[in-house]
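**Student:** Here is a sequence together with a model predicted from it:
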Amino acid sequence: MKTFKCLLVAAVAIPAVAGPAFAQSGRSATPPATPPAAASDNAAKAAAKRLAGELVAVDHAAKTVTVKHIVDQKPVQITFSVEESAVATLAQFKPGDQVMVTYVEMGEKRVAKSIVKA
């Protein structure tokens, strides 16, 4: 019985004494601040989306492309503004080509970052 009491006291006393020591760590509770440039790069990468479909129209003057894809077994056409870096690639496409568009949404506007044949 005396041994049981000693074990019981030890089982309660050890966590009571050692617990606070384990609770303290060298790390702070707040994460380190990320530089603004890295944060904006991550946001741009996270916001980039991809869409595969059939090219319906290319408007070189307005710098837009229209792509048809299927949503819920219905054809839907989406028009994209083309970023300046991707305008040069528009000459290689013609209506009916299967394409993959990488784009970002800026409010109501969709801006194509790149267009490649699928």
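**Tutor:** Ah, there it is.
**Student:** can you give me the helices in the chain?
**Tutor:** 2-23, 36-47, 84-87 (DSSP state H).
**Student:** now do the same end-to-end measure for stretch 52-66.
**Tutor:** End-to-end distance for stretch 52-66, by C-alpha to C-alpha, to the nearest Å: 12 Å.
**Student:** what's in contact with it?
**Tutor:** The contact list for stretch 52-66 (C-beta atoms under 8 Å, 6 or more residues apart in numbering) reads 67-70, 77-82, 84, 87, 90-91, 93-101, 112, 115, 118. (C-beta placed from N, C-alpha, C; glycine too.)
**Student:** repeat that with 10 Å
**Tutor:** By C-beta atoms under 10 Å, 6 or more residues apart in numbering, the residues outside stretch 52-66 that reach it are 67-70, 75-84, 86-87, 90-101, 103, 110, 112, 115, 117-118.
**Student:** Can you give me the buried ones in that stretch?
**Tutor:** 53-56, 58, 63-66 (16 or more other C-beta atoms under 10 Å).
**Student:** Quick one, which of the contacts of stretch 52-66 are buried?
**Tutor:** Buried among those by 16+ other C-beta under 10 Å: 67, 78, 80, 82-83, 86, 90, 97, 99, 101, 103, 110, 112, 115.
**Student:** Out of the helices and strands in this protein, which is least certain?
**Tutor:** Scoring the helices and strands of the chain by mean pLDDT, DSSP states H and E places helix 36-47 at the bottom, with a mean of 55.
**Student:** Report the contact partners of residue 110.
**Tutor:** The neighbours of residue 110, taking C-beta under 10 Å, 6+ apart as the test, are 49, 51, 64, 67, 78-81, 101, 103-104.
**Student:** Next: residue 112.
**Tutor:** Applying C-beta under 10 Å, 6+ apart, we find residue 112 in contact with 51, 63-65, 67, 79-83, 85-87, 89-90, 99, 101-104.
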